[in-house]
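Q: fold the stuff below for me.
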Amino acid sequence: MLRISVLLLVVLCSCGTQYKAETDRYEQLIISERNNTIQFDTSRFEDNAKSYLIYGSLLQQQGNYAGSILELQEALSFDSSAAIEYAIAQSYIELNKFQNAKRHLTRSTEINPNFHQSLDLLTEIYLYENNTEKAEITNNLALKHKETTQRLITKAILLEDTNPNKSLEIYTSVDSPSYSALIEGRKIELYKKTNQYDKLLNELNDKLQKEPFNNTVSREIFGIYLENNRFGDAIEYTSTVDTLFYGSEQETYYTLLGSLLINQQNLDSNLAEKYISKIDGSLLFNSEIVYFSGIISSIIGNKFKRNYFFNRLLKIDENNSDLQMGMAEVYYFDREFEKSLEIIDKVNFDSIDSNLYYYLLKGMNHSNLKEFSIARHNYNEILDTDSTYNDYIALTLIGETFDLQNESDSALYYYQIHYNYDSNNVYLLNNYAYSLSKVNKDLTKALQMSEKTLEADPNNSAYLDTYGWIQYQIGDYELAKEYVARAIEIGGISAEVYEHMGDIYMKLGNSEEAKKYYIKALDLDAESINLEEKLNKEN
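A: Sure thing, here's the model as predicted:
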């Protein structure tokens with residue numbers, strides 16, 4: 001049987017199989033509504049053609065389409081009929097011989113231009129061949145003969161790309177319970193295509209008023225809000241959801257919304273607060289929703305709620321190691337390294353999807369706690385298992401622990417090993433360049449590496465500071481000030497960056513400004529002996 005993609009098959013498959021009996025004299029056939037074949041009124045044909053027609057029709061009903069064609073062609077030799085040409089075309093379609101089918105359908109329309117079933121079947125073939133121009137011609141000819149629901153829908157489909165508004169107009173004009181689901185689906189797509197979301201929402205809300213528990217319509221409304229980043233409307237809509245649905249149906253809405261909120265670049269804190277305030281009752285038993293709520297709370301800095309959701313999650317899904325790793329990661333980025341390690345210790349190592357990330361996260365936590373030897377032990381576990389993990393990142397992380405201990409030679413050793421494997425890793429390049437600048441070594445190489453990092457991420461405060469500090473070591477203090485100032489403006493910086501700005505101002509002869517930045521640096525790193533010495537020297 002001819003197959004047409006997307007929705008065309010639904011509309012058109014009956015164009016050659018499910019017509020009602022016509023009384024017009026010229027048609028000479030009855031279309032069966034029970035199967036995919038036709039039946040002839042043989043009383044209207046020449047006597048010599050009748051036996052071939054009967055047997056040909058029978059073979060077609062039995063699925064012997066090649067035999068059917070032979071018998072019907074014999075009938076055609078006695079009686080040149082549009083109906084017989086049409087029947088032969090149907091059998092060729094079943095054999096996927098569309099060119100042969102088109103040839104017989106064309107003859108059918110030549111014999112009798114009013115034989116509109118042949119026009120419908122030609123339209124179907126042209127649609128299959130993506131020949132919309134010819135499909136429009138045959139569809140329009142059939143419509144001139146008789147306007148049917150199927151032909152109107154076909155016309156609407158043909159106009160969807162070239163004239164979507166006209167297509168919408170046709171769909172709206174068709175009142176047919178048999179095709180209501182199809183029409184609704186196509187209208188939704190066209191409203192979206194023409195950005196008529198308010199009209200679409202009005203229609204969907206009207207339908208929901210009539211069918212309040214129709215989850216398909218409700219999900220479509222919710223999906224429109226999400227697709228258009230109308231998160232405020234989506235959160236408001238959850239009140240409707242709460243009254244209509246429960247269990248997994250209700251939870252699906254909150255899961256979809258939560259997964260999108262955690263991926264927003266600049267999450268609106270008011271929206272986030274509204275979302276997490278809705279998570280109560282049975283929703284607190286859904287691990288995914290509780291997990292998303294904890295992450296959202298962390299993003300907006302609500303540590304009380306973060307702890308509430310994560311503690312809840314540890315109770316309701318205490319054996320889900322992947323979720324535990326996710327929580328540990330959140331605590332790491334919130335700089336609560338001991339809490340992160342506490343959760344990692346609960347993890348069943350053998351059950352997690354990424355064992356090497358387990359060592360990576362442990363190592364980074366210990367490094368931030370200045371437990372450098374333990375951090376290196378975890379990084380070496382990665383190297384022993386798979387040295388290529390995350391493009392050899394463990395090598396740079398080991399180098400970083402030595403850097404933080406001011407053991408530059410060891411740091412540069414590991415950076416160089418990583419560099420030999422992957423000279424384009426921006427995290428490595430930034431660390432390597434900065435380490436070189438600290439010891440005032442190979443500054444040309446350091447500058448080239450730093451330039452690569454800024455090409456990859458021009459608004460990264462760490463990369464800007466590194467570039468500025470290299471310029472400081474070269475002696476271009478004005479350029480150094482420009483880049484370090486940009487790093488400070490972007491934010492998310494360490495005490496070291498403020499110290500750099502203080503040193504730059506000292507070189508520029510502005511000790512008062514230098515002192516301000518040293519004090520800011522000391523606020524972030526109260527244990528820095530170096531900063532204390534610089535301030536005491538100024539005083």
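Q: for the host helix or strand of Ile296, give me every contacting residue.
A: In this assignment (DSSP states H and E), Ile296 forms part of helix 287-299. By Cβ atoms under 8 Å, 6 or more residues apart in numbering, the surrounding residues in contact with helix 287-299 are 251, 254-255, 258-259, 261-262, 267, 272, 275-276, 279, 283-284, 303-306, 308-310, 312-313, 316-317, 320, 323, 326-327, 330, 333-334. Just so you know, the C-beta spots here come from the backbone N, C-alpha and C atoms, and that holds for glycine as well.
Q: buried among those residues? Make that a PyMOL selection.
A: Below is the selection syntax for PyMOL that covers the buried ones among the contacts of helix 287-299, with 16 or more other Cβ atoms under 10 Å defining burial:
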select buried, resi 251+254+255+258+261+262+267+272+275+276+279+283+284+305+306+308+309+310+312+313+317+320+323+326+327+330
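Q: can you tell me which of the contacts of helix 287-299 end up in helices?
A: Members of the contacts of helix 287-299 lying in helices (criterion: DSSP state H): 251, 254-255, 258-259, 261, 272, 275-276, 303-306, 308-310, 312-313, 316, 323, 326-327, 330, 333.
Q: on the three-state scheme, Asp350 is what?
A: In three-state terms, and counting by DSSP: H, G, I helix; E, B strand; the rest coil, Asp350 is helix.
Q: before we move on, what about the one 10 residues further on?
A: Three-state call for Leu360 (three-state DSSP): helix.
Q: what's the distance between it and Tyr379?
A: In this structure, Leu360 and Tyr379 are 8 Å apart, going by Cβ to Cβ, to the nearest Å.
Q: and Tyr332, by the same measure?
A: Tyr332 sits at a distance of 15 Å from Tyr379 (criterion: Cβ to Cβ).
Q: settle it for me: which of these two has more neighbours?
A: Tyr379 (27 against 20; other Cβ atoms under 10 Å).
Q: tell me who's in contact with that one.
A: With Cβ under 8 Å, 6+ apart as the criterion, the residues that contact Tyr379 are Tyr359, Leu360, Gly363, Ala394, Leu397, Ile398, Thr401.
Q: got those as CSV, with neighbour count columns?
A: Formatted as CSV, the contacts of Tyr379 follow (neighbours: other Cβ atoms under 10 Å):
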residue, neighbour count
Tyr359, 24
Leu360, 20
Gly363, 26
Ala394, 28
Leu397, 24
Ile398, 27
Thr401, 23
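Q: closest one to Ile88 out of the residues you listed, please.
A: Leu360 (69.4 Å; Cβ to Cβ).
Q: excluding its backbone neighbours, what's nearest the closest one?
A: Taking Cβ to Cβ, 6 or more residues apart in numbering as the measure, Leu360 lies nearest to Ile382, with 6.4 Å between them; neighbours along the chain are not counted.
Q: tally of neighbours for the one you found?
A: Ile382 is surrounded by 25 other residues when neighbours are defined as other Cβ under 10 Å.
Q: same thing with the one 3 residues further on?
A: Residue crowding around Thr385 was assessed by other Cβ under 10 Å; the count is 12.
Q: what's the answer for Lys534, then?
A: Residue crowding around Lys534 was assessed by other Cβ under 10 Å; the count is 21.
Q: low-confidence bits of this structure, can you list those?
A: Scanning the chain for pLDDT under 70 picks out the ranges 1-46, 526, 528-529, 538-539.
Q: all strands for it, in order.
A: Remark: strands of the chain, listed N- to C-terminal, are 29-31, 38-40; assignment by DSSP state E.
Q: what sits against Glu251?
A: Neighbour list for Glu251: Ser282, Leu283, Asn286, Ile289 [criterion: Cβ under 8 Å, 6+ apart].
Q: cutoff 7 Å now
A: Contact analysis of Glu251 by Cβ atoms under 7 Å, 6 or more residues apart in numbering lists Leu283, Asn286, Ile289.
Q: from the residues you listed, which is closest to Lys515?
A: Nearest to Lys515 among the contacts of Glu251, counting by Cβ to Cβ, is Ile289 at 50.5 Å.
Q: now the closest one: how far from Ile343?
A: Between Ile289 and Ile343 the distance is 19 Å, computed by Cβ to Cβ.
Q: and the gap between Val174 and Leu436?
A: Applying Cβ to Cβ, the value for Val174 to Leu436 is 73 Å.
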